[in-house]
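> can you look at this prediction? I've put the sequence above it.
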Amino acid sequence: MVRAVIFDIDGTLVDSVPLHARAWQEALKHFGFDLTDEQCWEQIGKGADQLLPALIPPEIAERSEEEISDYRSKLFKDKYLPRVKAFPAVRELFERLQADGKRIALASSAKGDELEAYKRIAGIDDLIEAETSSDDADQSKPHPDIFHAALDRLGNPDPAVVVVVGDTPYDAEAAGKAGLRTVGVLGGGWPAEKLKAAGCVAVYRDPAELLEQYERSPLAG
C-alpha cells in the first residue's frame, strides 16, 4: 500500500527543462565554454555539483562551481523563470492523492528560492507535507541524498510504501539507491525506454495522464 509520494519538480510538475538547458548554455558561454543546447539538456536534473564536471574540465568545475552556479541562478531567475508554466492537472493530481490519504513531498535539485516559485506556479503550496531542495543534500542526483532527506522529513517511513515521480534517469537512479520505486513522466524530454532502463516501473506522458490512469497506476498501490 502506497502511503507517500515524493515528486521531483523540474520537468515533472513544471515545464522548465528547456529553459534550464538554455540558462546553463548561456551561463557557460559567459565563462568561455561553448556547448550545445543538447549537451546541457542531457545534464538537467542534476545539481551544479554533478552537472558542471560532466560539461567542463573537472578541475575548473571544482574551482569555479560557486561562481558559475550563482551566475546561472541569477540569469535563470531574471530571464527564464517568468516563462515557466505548470503542466496540466498538477493540482488535481495532488488533490487526488490527498483525498486518497497519501502524504506528498517534494525533492528537487533546485535551490530553495526556485522551489518556492515553482510551488506558486503549480498552485500546490497548501498540499505539500514536506519538501527538500539542493540546500538539503551534500550531493545532488543521481546520488540519493535528496531522497534520504525527503524520507527523513516524512518521518522515515518504510521505502516500500513510498513512490517517487520524476522525469529523468537521474531521478530513478537516485531513488533506487534509496530503496524507492520511481514512476516516470515524459516532461523532461527523456524517452520512455531510457526512463525504464534507469529503473522506472511505469511511465506516463505527464501529470494529467497519471491522474487519468490513477487507479491503475503504482500511485494507487
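Everything's here; your move.
> pull out the buried residues from the helix or strand that contains E66.
Secondary structure from DSSP states H and E places E66 in helix 58-75. For helix 58-75, burial by neighbour count (16 or more other Cβ atoms under 10 Å) applies to 61, 65, 68-69, 71-73, 75. Glycine gets a C-beta too; all of them are placed from N, C-alpha and C.
> can you map out the helices along this structure?
Per DSSP state H, the chain carries helices over the ranges 17-30, 37-41, 48-55, 58-75, 90-99, 112-122, 145-153, 169-177, 192-198, 207-212.
> my read: T182 touches V163, true?
Yes. Using Cβ atoms under 8 Å, T182 is in contact with V163, at 7.4 Å.
> out of those two, which sits in the more crowded spot?
Neighbour totals were compared for T182 and V163, and T182 leads with 29 against 25 (other Cβ atoms under 10 Å).
> which residues touch the more buried one?
By Cβ atoms under 8 Å, 6 or more residues apart in numbering, T182 lies in contact with 163-166, 171-172, 175-176, 198-201.
> partner residues bridging it?
Beta-bridge partners for T182, by DSSP bridges, are V164, C200.
> how about A86?
Taking DSSP bridges as the rule, A86 bridges to V14.
> neighbours of the residue lying closest to A130 once chain neighbours are set aside, how many?
Nearest residue to A130, sequence neighbours excluded (Cβ to Cβ, 6 or more residues apart in numbering): R153, at 3.6 Å. By the measure other Cβ under 10 Å, the count of residues near R153 is 17.
> got a pLDDT number for R153?
Looking at R153, its pLDDT is 96.
> confirm for me that it is in contact with I128.
No. Using Cβ under 8 Å, R153 makes no contact with I128, being 10.3 Å away.
> identify the contacts common to those two.
A105.
> if we can go back for a sec, counting by contacts, list what the helix holding E66 packs against.
Judged by 3 or more Cβ pairs under 8 Å, 6 or more residues apart in numbering; DSSP states H and E, helix 58-75 is in contact with helix 17-30, helix 48-55.
> and the ones you listed: which comes nearest I104?
With respect to I104, and counting by Cβ to Cβ, the nearest of the helices and strands packed on helix 58-75 is helix 17-30 at 21.6 Å.
> what are the contacting residues of that closest one?
10-11, 34-37, 39-41, 43-45, 51, 55-56, 68, 71-72, 75-76, 79-81, 83-84, 167, 187-189.
> off-centre distance for it?
From the chain centre to the centre of helix 17-30 is a distance of 17 Å (Cα atoms, centre = their mean, to the nearest Å).
> over to stretch 122-134?
Worked out by Cα atoms, centre = their mean, stretch 122-134 lies 12 Å from the chain centre.
> buried residues, that stretch. List them.
Applying a neighbour-count criterion of 16+ other Cβ under 10 Å, one finds 122, 124, 127-128, 130-134 buried in stretch 122-134.
> show me the two of the residues you listed that sit farthest apart.
Going by Cβ to Cβ, the pair spanning these furthest: L127 and S134, at 21.9 Å.
> what's the most distant pair in the buried residues of helix 58-75?
Greatest spacing in the buried residues of helix 58-75, by Cβ to Cβ: A61 and L75 (17.7 Å).
> from G47, how far out is the residue in the chain sticking out farthest from the centre?
The centre of the chain is farthest from one residue, G32, which by Cα atoms, centre = their mean lies 27.7 Å away. Separation of G32 from G47 (Cβ to Cβ, to the nearest Å) stands at 22 Å.
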